[in-house]
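S.K.: what's the 3D shape of this:
(one chain, ligands or ions: 1)
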Amino acid sequence: MTLYLAPLHGVTNKTVRNEWFSHFTGFDRAIAPFIPAAAASRPEAKHFRDIAPDAQSGVPVEPQILAGSRDALLECAARIVELGYDEINLNMGCPYSMVAKKGRGSGLLADPSAVRSILDVLCSAGTFKLSVKIRLGLEDKRDMRALFPVLNDYPLSRVIVHPRVGKQMYRGTVDLDGFAEALELCAHETVYNGDIFDYERFLSLRSRFPSIDSWMIGRGALMDPFLPEQIKTGSRPKDELAKLRAYHEGLYARYRRDLYGPGHLLDKMKEIWSYLGHSFGYSGAPRGGAAPPGILKAKTPEAYLAAVEALFAGTKIDP
Ligand SMILES: Cc1cc2nc3c(=O)[nH]c(=O)nc-3n(C[C@H](O)[C@H](O)[C@H](O)COP(=O)(O)O)c2cc1C
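M.R.: This next block holds a predicted model:
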């Protein structure tokens with residue numbers, strides 16, 4: 001089985017990826033958050049620093065591109081290849097209207113001829129393998145019926161499917177009947193992605209889709225960092241709290257070193273806690289929650305660290 005860490009723009013950057021992979025196990029590979037093709041004109045852009053090979057601490061990473069003009073796509077792919085990568089993922093799922101309106105991300109899902117043009121460009125470069133990450137459609141899952149015949153015409157290494165439509169954003173539920181249809185339509189290796197928030201959910205998805213051998217998890221792993229290990233091995237470590245503490249300390253230290261000023265540091269850490277709070281009984285971002293209240297309210301690093309310490313000291317989360 002192959003497990004992928006999903007790309008979460010602004011969240012699973014190199015700092016989080018490196019720290020996550022130093023403390024937890026289970027993932028085989030991470031897809032990095034998208035690089036807009038237009039960023040290729042600025043080689044110094046932070047997007048390229050995020051995937052610089054010497055910044056990865058051995059984490060296997062696959063960069064992702066968000067479409068742009070033909071020239072920008074080629075230039076962006078060339079920059080990624082120059083960094084030593086031989087596989088690139090194309091983002092065809094980003095649901096935000098600013099992106100979709102320009103015919104990028106999920107905006108491509110309802111436009112098979114635009115997809116064909118982009119795949120022509122990327123697949124003819126011949127210097128890297130291409131995978132794609134899609135939703136079922138832009139507004140309607142029937143979009144995939146015209147999309148898959150196009151995807152099937154190209155030598156893609158895999159198709160990652162998040163079974164929502166673009167206009168849903170992250171609302172509502174994943175459409176498993178829609179995923180079953182995608183599986184029938186797709187001639188490539190298919191990866192399931194979406195709403196794997198706990199082990200029971202994974203087991204039920206695996207029993208419904210026994211032919212799937214590759215899974216991608218984003219928010220669920222940020223909420224419960226032991227979930228990938230549990231999926232891989234069937235068990236969880238004994239010292240969960242100590243590992244979470246070490247993860248937090250590592251992340252805090254890296255962000256304090258890399259970010260300018262306490263405001264940015266606290267914003268980033270609160271964002272992490274909007275997911276990680278779930279491990280301490282808070283509802284967590286995917287279900288509309290926020291960081292645990294003491295952490296959310298903290299205005300200084302000292303207040304923040306005191307709130308975190310209180311959370312660790314007062315909580316017993318080992319099963
Ligand atoms: C804050 C946020 C940022 C995201 N950024 C990206 C991105 O850069 N590229 C991408 O393909 N998907 C992106 N996604 C979608 C995730 O990769 C994933 O498909 C989605 O969260 C569903 O998987 P999950 O339920 O396991 O989190 C993002 C999702 C969120 C919530």
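S.K.: list the residues that contact the residue in the stretch 151-300 of the chain that the ligand sits nearest to.
M.R.: Using Cβ to the nearest ligand atom, the closest approach of the stretch 151-300 of the chain to the ligand is made by G218 at 2.9 Å. Every C-beta, even on glycine, is put in place using the N, C-alpha and C of the backbone. Neighbour list for G218: L5, A6, P7, L8, T12, N193 [criterion: Cβ atoms under 8 Å, 6 or more residues apart in numbering].
S.K.: is it true that the last one touches A6?
M.R.: Yes - the pair N193 and A6 passes the contact test of Cβ atoms under 8 Å, sitting 6.0 Å apart.
S.K.: now do the shared contacts for those two.
M.R.: M216, I217, G218.
S.K.: quick check: bridge partners of the second one?
M.R.: Spelled out, that is I217. Beta bridges link I217 to L5, judged by DSSP bridges.
S.K.: per-residue pLDDT, it?
M.R.: At I217, the pLDDT value in this model is 98.
S.K.: help me confirm that it comes into contact with T2.
M.R.: No - between I217 and T2 there is no contact under Cβ under 8 Å: 11.6 Å.
S.K.: neighbour count for those two, which is higher?
M.R.: Between I217 and T2, counting by other Cβ atoms under 10 Å, I217 is the more crowded of the two (25 against 13).
S.K.: list the contacts of the more buried one.
M.R.: Taking Cβ under 8 Å, 6+ apart, one finds L3, Y4, L5, A6, F27, N193, I196, L227, P228, I231 in contact with I217.
S.K.: now render the residues you listed as CSV, adding distance to E302.
M.R.: Listed next are the contacts of I217 as CSV, based on distance: Cβ to Cβ, whole Å:
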residue, distance to E302
L3, 38
Y4, 38
L5, 32
A6, 34
F27, 34
N193, 39
I196, 37
L227, 32
P228, 33
I231, 38
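S.K.: helices - which of those residues land there?
M.R.: L227, P228, I231 (DSSP state H).
S.K.: now tabulate those in CSV and tack on pLDDT, distance to G107 and neighbour count.
M.R.: Putting the ones in helices among the contacts of I217 into CSV (pLDDT from 0 to 100; distance: Cβ to Cβ, whole Å; neighbours: other Cβ atoms under 10 Å) gives the following:
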residue, pLDDT, distance to G107, neighbour count
L227, 98, 31, 24
P228, 98, 31, 24
I231, 98, 32, 21
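S.K.: how about the residues of the stretch 1-150 of the chain by the ligand?
M.R.: By Cβ under 6 Å from any ligand atom, the part of the stretch 1-150 of the chain that sits against the ligand consists of A6, P7, L8, H9, V11, P33, F34, Q64, N91, G93, C94, K133.
S.K.: of those, buried ones?
M.R.: For those, a burial check counting by 16 or more other Cβ atoms under 10 Å picks out A6, P7, L8, V11, P33, F34, Q64, N91, G93, C94, K133.
S.K.: how much space between the second one and N13?
M.R.: From P7 across to N13, the span is 10 Å (Cβ to Cβ, to the nearest Å).
S.K.: between those two, what contacts are shared?
M.R.: Contacts common to P7 and N13, judged by Cβ under 8 Å, 6+ apart, are P33.
S.K.: give me the residues contacting stretch 140-150.
M.R.: Residues outside stretch 140-150 that contact it (Cβ under 8 Å, 6+ apart) are 109-110, 112, 115-116, 119, 134, 136-137, 165, 175, 178, 181-182, 185-187.
S.K.: try it again with 10 Å
M.R.: 92, 106, 108-116, 118-119, 132, 134-138, 151, 159, 161, 163-167, 175, 177-179, 181-182, 184-188 (Cβ atoms under 10 Å, 6 or more residues apart in numbering).
S.K.: re earlier: go through the ones in helices among the contacts of I217 and name the one nearest M269.
M.R.: Among those, L227 lies closest to M269 (Cβ to Cβ), at 21.0 Å.
S.K.: am I right that the closest one is in contact with A221?
M.R.: Yes - using Cβ atoms under 10 Å, L227 is in contact with A221, at 5.6 Å.
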